[in-house]
Structures are given as structure tokens and as C-alpha cells.
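> Turn this into a structure:
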Amino acid sequence: MANAKAVVFVALLLAAVLAAPTAVEGFGCFPDCYDRCANGRVGDVPCATMCAQACIVPKRLPDGSLPSEH
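Numbering: from 1, shown residues only. As a prediction, the model looks like this:
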């Protein structure tokens, strides 16, 4: 029983360690995404568009309202 609890604890700890960086990585998302996508090319519009959609979180919803208003 103690061995099973230790395995569960280690699994949860590992999941927390792996998930923690993704919550902090919002800063620098666009430059990192663009560098990986463009692979050294400058002015790559498709990469810039994709990374903007993936990394930039809008402050307003498409209808113009704030998320806190819903």
C-alpha cells in the first residue's frame, strides 16, 4: 500500500514539474515560436501569422466585450 502511494506521489510530482514551465512560458512565446518556425528566415509571414495566433492572447472577445463581462 505504501509503495502504491509512493508511485502515485512520484507520478503527480513529475506531472507538476512538467506542467509548471508551460504556465510560465507565455513570456517569450512569440520569439521562440517564430525562431523555430522560420528557421533563420527573416520576414516569414506564414510563421508570424501562426505564432501570433498561438501566442498572443486577446484582451477582448470577438464581440468586443471583456472576458470578465460574461
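> shaky segments in the chain?
Within the chain, the stretches falling below the threshold (pLDDT under 70) are 1-2, 4-26, 69-70.
> can we see that at 80?
The chain contains residues with pLDDT under 80 at 1-27, 57-62, 66-70.
> which residue ranges form the helices in it?
Under the criterion DSSP state H, helices of the chain are mapped to 2-24, 29-38, 45-55.
> who touches the residue lying closest to Ala54 once chain neighbours are set aside in this structure?
With sequence-adjacent residues excluded and distances taken as C-beta to C-beta, 6 or more residues apart in numbering, Ala54 is closest to Cys33, at 6.1 Å. Glycine gets a C-beta too; all of them are placed from N, C-alpha and C. Cys33 is in contact with Cys47, Met50, Cys51, Ala54, Cys55, counting by C-beta atoms under 8 Å, 6 or more residues apart in numbering.
> number of nearby residues for the second one?
What it means is Met50. Counted with other C-beta atoms under 10 Å, the neighbours of Met50 add up to 14.
> Also Asp63?
Asp63 has 7 neighbours, counted by other C-beta under 10 Å.
> do the same with Cys47
Using other C-beta under 10 Å, Cys47 has 17 neighbouring residues.
> Quick check: it vs Phe27, distance?
According to C-beta to C-beta, to the nearest Å, Cys47 stands 19 Å off from Phe27.
> Adding distance to Ser65, write the contacts of Cys33 out as a markdown table.
Listed next are the contacts of Cys33 as a markdown table, based on distance: C-beta to C-beta, whole Å:
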| residue | distance to Ser65 |
| --- | --- |
| Cys47 | 31 |
| Met50 | 26 |
| Cys51 | 26 |
| Ala54 | 23 |
| Cys55 | 22 |
